[in-house]
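A.B. asks: sequence isn't available, so here's the structure alone:
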Ligand SMILES: [Zn+2]
């Protein structure tokens, strides 16, 4: 279910052309032609020496037409109106690329030959994009005269792509770059059972809820820490093109209040162009270790660990943390390191051990299987999938048994991380830049948060 939502949200690209526009445009234009033609018949021919301009307002059809918002047809005497207008009112044919589509078939569908395709492909180097089309791309064809391609628009997203325009027997190319209009979106949630449900109630896009969990992955264990009454908020931009929603921008700021501890993260693009999330005073949210080895958002949305296996979520005599989770839930390396074991080992079942810098070691037991290509000696990075939850070895039910060792001594992973050195911060010489970029945003975010009680009440009333 969650995956479906995710896929849906990823595929927003290309869905921005409502098909109905096309039909409406077509029928209204037909009407417009009739209306123009009738006065012509009543009042005799249009004077021949001065060309007359007739402006026909039409409904929004596509980018260009939306920009001009009207179609101008120049009417000369001696020719039929239809003949004059027809070449200019031909409509674009739009195709959203789906997996399995091939270029040759799409060209055939609009009545173009492989030769035409070849001609475009060889017109200039930008045409290479046609050799690398992906699902979600959009191809728009303008073919005013049957079989003769006039323009081809290739859109990677609603905002960028190329326009190929016929020039004799070749095609010239222009880059399409459009800027979305941004509208701030502020969402607040309160946990009553699971983070998922809270996110859904608050109408937070699934991808953003997941991203929030990633941002706070070094400070909050999203399986064990959340409590009823915890609150969170997210500020991001919604993107619009010509008044139509086309997608969500990245999270700009987010806060999570976990049992009266408030964590706030703000997006910052550093001098090198790298995007990161930082506390308001410039400490990186990315920590040496993730608080939780499970990829919580791959757990089905109605899974609630506290309800299912409350007993398992305790530190037991065997010196690890047991996370109950369905078989197959992905397990992540909690920090960068080297795999020192990925094999079966007695009551641990399938076991992965990772050696990290600074004499840290983590162990992951009872796996149903190992992550793809995971074997002894491999280097892994924080967040890499190293295996999947199972019940191999001495486990009575599917769960992850997770151990954290410092210099060979078991530590409670729930408390040891608080004793580790602080994460890196913005360098002093970059601090002014950081403040410049984030201060105004954080001020706005605070204002939104201060009015959150109102928002929450509204959400809860839904
Ligand atoms: Zn255990």
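C.D. replies: It's in. Just so it is clear, the structure is predicted and the values come from calculations on it, not from any experiment. Numbering: from 1, shown residues only.
A.B. asks: endpoint to endpoint, stretch 122-134 covers what distance?
C.D. replies: 20 Å (Cα to Cα, to the nearest Å).
A.B. asks: list the contacts of it.
C.D. replies: 97, 101, 103, 117, 120-121, 139, 154, 156, 161-162, 164, 170-173, 175 (Cβ atoms under 8 Å, 6 or more residues apart in numbering). Every C-beta, even on glycine, is put in place using the N, C-alpha and C of the backbone.
A.B. asks: what about whatever residue of the stretch 101-250 of the chain ends up closest to the ion, which SS state?
C.D. replies: Distance from the ion to each residue of the stretch 101-250 of the chain (Cβ to the ion) is smallest for residue 224, at 14.0 Å. Assigned by DSSP: H, G, I helix; E, B strand; the rest coil, the conformation of residue 224 is coil.
A.B. asks: that one contacts residue 415, correct?
C.D. replies: No. The pair residue 224 / residue 415 is not scored as a contact, 12.0 Å apart, by Cβ atoms under 8 Å.
A.B. asks: ok, the two, which is more surrounded?
C.D. replies: residue 224 (16 against 10; other Cβ atoms under 10 Å).
A.B. asks: quick one on the thing from earlier: buried ones only from the contacts of stretch 122-134, please, as a PyMOL command.
C.D. replies: Only the buried entries of the contacts of stretch 122-134 go into this PyMOL selection, using 16 or more other Cβ atoms under 10 Å:
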select buried, resi 97+101+103+117+120+121+139+154+156+161+162+164+171+173
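A.B. asks: same list, the contacts of stretch 122-134, but only the ones touching the ion.
C.D. replies: Here nothing survives when the contacts of stretch 122-134 are matched to the ion using Cβ under 5 Å from the ion.
A.B. asks: in strands, which of the contacts of stretch 122-134 appear?
C.D. replies: 139, 154, 156, 161, 162, 164, 170, 171, 172, 173, 175 (DSSP state E).
A.B. asks: just those residues: which has the poorest pLDDT?
C.D. replies: Scanning the ones in strands among the contacts of stretch 122-134 for pLDDT, the low point is residue 170. It has 87.
A.B. asks: who's in contact with residue 423?
C.D. replies: Residue 423 is in contact with 218, 283, 284, 285, 286, 287, 288, counting by Cβ under 8 Å, 6+ apart.
A.B. asks: what's the answer for residue 380, then?
C.D. replies: Contacts of residue 380 were listed using Cβ under 8 Å, 6+ apart, and they are 333, 336, 337, 338, 339, 354, 374, 386.
A.B. asks: the strand ranked longest in the chain pairs with which strands, parallel or anti?
C.D. replies: Longest strand in the chain, counting residues (DSSP E): strand 244-258. Sheet partners assigned to strand 244-258 using DSSP bridges are listed as strand 231-241 (antiparallel), strand 261-269 (antiparallel).
A.B. asks: JSON lines for the ones you listed, including mean pLDDT?
C.D. replies: Conversion of the strands paired with strand 244-258 to JSON lines gives the following (pLDDT from 0 to 100):
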{"stretch": "strand 231-241", "mean pLDDT": "94"}
{"stretch": "strand 261-269", "mean pLDDT": "96"}
